[in-house]
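Colleague: sequence first, predicted model second:
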Amino acid sequence: MVMTHTEQVIANALALVEASRAARERDQQRRAAWQKKVELSRPLPPLPRPVQLPLALN
């Protein structure tokens, strides 16, 4: 099958869009994995100071 120039341009454009979409999805997955690692490596927040409750001995 012989493609006209216009058909070739359209096919190239569609291939470029598909490659761009695949790269974007790959980057999104890589960012999500990196974000999980960052969340796990963060230090735990400090615990609040203990509060002593009054003991009413009535």
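Modeller: Great, that's in hand.
Colleague: every contact and neighbour count from this point should use C-alpha atoms.
Modeller: Fine.
Colleague: and the helix or strand hosting K36, what's its mean pLDDT?
Modeller: Per DSSP states H and E, K36 falls inside helix 5-41. Mean pLDDT, helix 5-41: 95.
Colleague: how far away is the residue nearest to the spatial centre of the chain from E39?
Modeller: For the chain, A32 is the residue whose C-alpha lies nearest the centre (C-alpha atoms, centre = their mean; 3.0 Å). As judged by C-alpha to C-alpha, to the nearest Å, A32 and E39 stand 11 Å apart.
Colleague: ok, now Q29?
Modeller: For Q29, the distance to E39 - C-alpha to C-alpha - is 15 Å.
Colleague: who's more crowded, the two?
Modeller: Q29 (12 against 9; other C-alpha atoms under 10 Å).
Colleague: contacting residues for the more buried one?
Modeller: With contacts defined as C-alpha atoms under 8 Å, 6 or more residues apart in numbering, Q29 has no neighbours.
Colleague: and it, how far from A22?
Modeller: Q29 is 11 Å from A22, where distance means C-alpha to C-alpha.
Colleague: one more: L53?
Modeller: If you go by C-alpha to C-alpha, the gap between L53 and A22 works out to 58 Å.
Colleague: settle it for me: which of those two has more neighbours?
Modeller: Taking other C-alpha under 10 Å, L53 and A22 do not tie; A22 has more neighbours (12 against 6).
Colleague: distance of the more buried one from A15?
Modeller: Using C-alpha to C-alpha, A22 is found at 11 Å from A15.
Colleague: tell me who's in contact with A13.
Modeller: Residues in contact with A13 (C-alpha under 8 Å, 6+ apart): none are found.
Colleague: thanks again, I'm all set now.
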